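Student: please work out how this folds:
(chains A and B)
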Protein chains: 2
Amino acid sequence: MKVKRSERLIDMTRYLLENPHALVSLTFFADRYDSAKSSISEDLTIIKKTFKDRGTGILETIAGAAGGVRYIPSITEEETEEFITQMCERLSEVDRLLPGGYVYLSDMLGEPAVLKTIGKIIATQYLNQRVDAVMTVATKGVPIAQAVSTYLDVPFVMVRRDSKITEGSTVSINYVSGSSNRVEKMELSKRSLKRGSRVLVVDDFMKGGGTVNGMKSLIEEFEAELVGITVFAESTFQGNRMVDDYTSLLCVDEVDVRNKSIHVKPGNYFEKSVKKTD
Amino acid sequence: MKVKRSERLIDMTRYLLENPHALVSLTFFADRYDSAKSSISEDLTIIKKTFKDRGTGILETIAGAAGGVRYIPSITEEETEEFITQMCERLSEVDRLLPGGYVYLSDMLGEPAVLKTIGKIIATQYLNQRVDAVMTVATKGVPIAQAVSTYLDVPFVMVRRDSKITEGSTVSINYVSGSSNRVEKMELSKRSLKRGSRVLVVDDFMKGGGTVNGMKSLIEEFEAELVGITVFAESTFQGNRMVDDYTSLLCVDEVDVRNKSIHVKPGNYFEKSVKKTD
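Tutor: Reported below is the predicted structural model:
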């Protein structure tokens, strides 16, 4: 039975949102709704315009026999700015201050709405680059990696500091922790990354950059390629940071344990992010 | 400027899908699209019907001045069955077999599509119960907890076996690992769970049930309440399992390391799941 335009628009929107980056042919929709391709094409024009106007993302049209549409989620600069401002405020709350000058983040990185927005922001940053996998180090980077991987529709891989029997054979490297200057070890399951993969590295927090640098070495060890590095928050670091080329959404620039104050400002995201085109 | 119905339907669908479980007032939509409440109400009737027909979930209408609509994501039994069958096949692949009879799962639990479906299935199971938080133990349970928490729109908390300085003060308990009979320790950041919270426990794999049992003790320690336990996969366990009341999506019932074979069957999900009503 032919499906009405209103129902088609609702279900197509749902389908596209749930399958980001997937190429969907017009035939698929035409069959699904028992409708003419010309009607589907009209529907898609309306969806494309609405997605653009409302900042939902880009609906890319690929012409030709192998063509179709592809939904690429993105977030507007205004929303990104608003989110970062809000996060600066929340991170500056005094009771987040932990002994040693650390900042408590775990609650925020367990909130679905926060994670979704972080995922969208980072995915938007790499919109125009091929990414095959998102990499992070266990444990706190995992929710961020998962959120980004959802919007890019690529798998994420978890590097671990402690190998588990359930990972099978692993490749391990030693790295120098940037802040404590100790040699540590990290490893990744051998089967989790293919040679030649283009890898995006994400993490929750960066101090000296040692962990991120370790992941860079692991990527080389797997003969894969680094696309970029984005962290949720960095802290200003006295000394030589081991990584130069990275993006941070937030920057914790003053922690005063004695007077119990934290100051958090936006990271280098807006300087770094390449303007996206439609 | 008044927004056309077609655009409204697209954007409302998007808004509802991105904000599961949130109560959205008709006024919010009426203002957003500069349209009459009566038109919005008609739109919602169409969306409700389409969501129902296509198995997208339930659009709940709450009448009265404080009312509005709430989108509750769910998955159909057919889709659940199809997914579980497919997972049984994938998990039975011989090269997943690891020394010691363990099964390699990490690749699957890094795929966005797999995680989304697991999240929807578990969220659907607890559709009619109040859940305030999803709990899991680091590391491999985290992606599952995050997926479930997204569809339930509640935060998730990570229990850890190794305390980190970035967690602040923690509450720790000792528990007996069901399969190895060793005493181990797990801890949870003190501020991550409120007293009286209703907690859903999820994990990737259950053998003897010791870890899950440990989480039960932690929940008691926090004076919180256990809503239920769902694991992605269980393995048949020779001996006394430490937990009786749990749900599993999959059951690894035969691992033969010598002849290199694994057999995986559906877990007890279909026996356990309470029929949901609209």
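
Student: thought residue A:187 was touching residue A:169?
Tutor: No - under the criterion of Cβ atoms under 8 Å, residue A:187 makes no contact with residue A:169, lying 9.7 Å away. All C-beta spots, glycine's among them, are computed from the backbone N, C-alpha and C.

Student: those two - which one has more neighbours?
Tutor: residue A:187 (19 against 11; other Cβ atoms under 10 Å in any protein chain shown).

Student: touching chain B at all, whatever helix or strand that one lives in?
Tutor: Per DSSP states H and E: residue A:187 is located in strand A:183-189. Yes - using Cβ under 8 Å from any Cβ of the partner chain, strand A:183-189 reaches chain B at residue A:189.

Student: list the helices and strands that strand packs on?
Tutor: strand A:156-159, strand A:170-176, helix A:210-221 (3 or more Cβ pairs under 8 Å, 6 or more residues apart in numbering or on different chains; DSSP states H and E).

Student: again, only using 6 Å
Tutor: Counting contacts by 3 or more Cβ pairs under 6 Å, 6 or more residues apart in numbering or on different chains; DSSP states H and E, strand A:183-189 packs against strand A:170-176.

Student: interface residues of the stretch 51-200 of chain A facing chain B?
Tutor: Selection of the stretch 51-200 of chain A residues close to chain B by Cβ under 6 Å from any Cβ of the partner chain yields A:54, A:56, A:98, A:100, A:102, A:104, A:106, A:110-112, A:138-139, A:142-143, A:146, A:149-150, A:153, A:155-157, A:165-166, A:168, A:189.

Student: before we move on, the earlier item: can you list the buried residues in the strand holding residue A:187?
Tutor: A:186-189 (16 or more other Cβ atoms under 10 Å in any protein chain shown).

Student: now intersect the residues of the stretch 51-200 of chain A next to chain B with the helices, please.
Tutor: A:112, A:142-143, A:146, A:149-150 (DSSP state H).

Student: domain parsing for chain A?
Tutor: A:5-73, A:77-272 (automatic domain parsing).

Student: what kind of secondary structure is the residue nearest to residue A:195 when sequence neighbours are not counted in?
Tutor: Leaving aside its chain neighbours, residue A:195 sits nearest to residue A:223 (4.5 Å; criterion: Cβ to Cβ, 6 or more residues apart in numbering or on different chains). Three-state assignment for residue A:223 (DSSP: H, G, I helix; E, B strand; the rest coil): coil.

Student: what comes up buried for the helix or strand where residue A:226 lies?
Tutor: In the assignment (DSSP H and E), residue A:226 maps to strand A:225-235. Across strand A:225-235, burial judged by 16+ other Cβ under 10 Å covers A:227-235.

Student: next one: stretch A:111-121
Tutor: Buried-residue list, stretch A:111-121, by 16+ other Cβ under 10 Å: A:111-112, A:114-121.

Student: what's next to that stretch, contact-wise?
Tutor: Stretch A:111-121 has contacts (Cβ atoms under 6 Å, 6 or more residues apart in numbering or on different chains) with A:75, A:80, A:83, A:108, A:143-144, A:147-148, A:150-151, B:149-150, B:153, B:155.

Student: before we move on, back to that, ok, now how distant is the residue nearest to residue A:195 from chain B?
Tutor: 19 Å (Cβ to the nearest Cβ, to the nearest Å).

Student: can I assume that residue is in contact with residue A:193?
Tutor: No - under the criterion of Cβ atoms under 6 Å, residue A:223 makes no contact with residue A:193, lying 9.3 Å away.

Student: quick one, which of these two is more surrounded?
Tutor: Between residue A:223 and residue A:193, residue A:193 has the larger neighbour count (other Cβ under 10 Å), namely 23 against 11.

Student: coming back round to it: mind putting the domains of chain A into TSV with distance to residue B:216?
Tutor: Formatted as TSV, those follow (distance: least, Cβ to Cβ, whole Å):
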stretch	distance to residue B:216
domain A:5-73	34
domain A:77-272	20
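
Student: of those domains, flag the one that's most buried.
Tutor: domain A:77-272 (a mean of 19; mean count of other Cβ atoms under 10 Å in any protein chain shown).

Student: please state the offset of that one from the chain centre?
Tutor: 9 Å (Cα atoms, centre = their mean, to the nearest Å).

Student: what's the first-to-last distance across it?
Tutor: 13 Å (Cα to Cα, to the nearest Å).

Student: which residues are contacting stretch A:89-97?
Tutor: Against stretch A:89-97 from outside (Cβ under 6 Å, 6+ apart): A:103-104, A:260, A:262, A:264.

Student: for the residue nearest in space to the middle of chain A, list the residues it contacts.
Tutor: In chain A, the residue lying closest to the centroid (Cα atoms, centre = their mean) is residue A:148, at 2.8 Å. Going by Cβ under 6 Å, 6+ apart, residue A:148 touches A:119, A:122-123, A:134, A:202.

Student: try it again at 8 Å.
Tutor: Applying Cβ atoms under 8 Å, 6 or more residues apart in numbering or on different chains to residue A:148 gives the contacts A:118-119, A:122-123, A:134, A:156, A:200, A:202.

Student: cool, residue A:71 as well?
Tutor: By Cβ under 8 Å, 6+ apart, the neighbours of residue A:71 are A:16-17, A:19-22, A:51, A:57-60.

Student: list just the nearest of the contacts of stretch A:89-97 to chain B.
Tutor: Nearest to chain B out of the contacts of stretch A:89-97 is residue A:104 (Cβ to the nearest Cβ; 5.3 Å).

Student: now that closest one. Nearest residue, chain neighbours left out?
Tutor: residue A:96 (4.4 Å).

Student: hang on, the earlier thing: partner strands of the following helix or strand past the strand holding residue A:226, with direction?
Tutor: Per DSSP H and E, the first helix or strand lying C-terminal to strand A:225-235 is strand A:247-256. According to DSSP bridges, strand A:247-256 forms sheet pairs with strand A:225-235 (parallel), strand A:261-266 (antiparallel).

Student: among these, which comes closest to residue B:68?
Tutor: strand A:225-235 (32.6 Å; Cβ to Cβ).

Student: now the closest one: average pLDDT?
Tutor: Throughout strand A:225-235, pLDDT has a mean value of 97.

Student: that one versus helix A:142-152: what angle between them?
Tutor: 130 degrees (axes from the mean of the first three to the mean of the last three Cα atoms, to 10 degrees).

Student: quickly find the element holding residue A:13.
Tutor: Going by DSSP H and E, residue A:13 is part of helix A:5-18.

Student: picking up where we left off before, out of the ones in helices among the residues of the stretch 51-200 of chain A next to chain B, who's nearest residue A:173?
Tutor: residue A:142 (19.5 Å).
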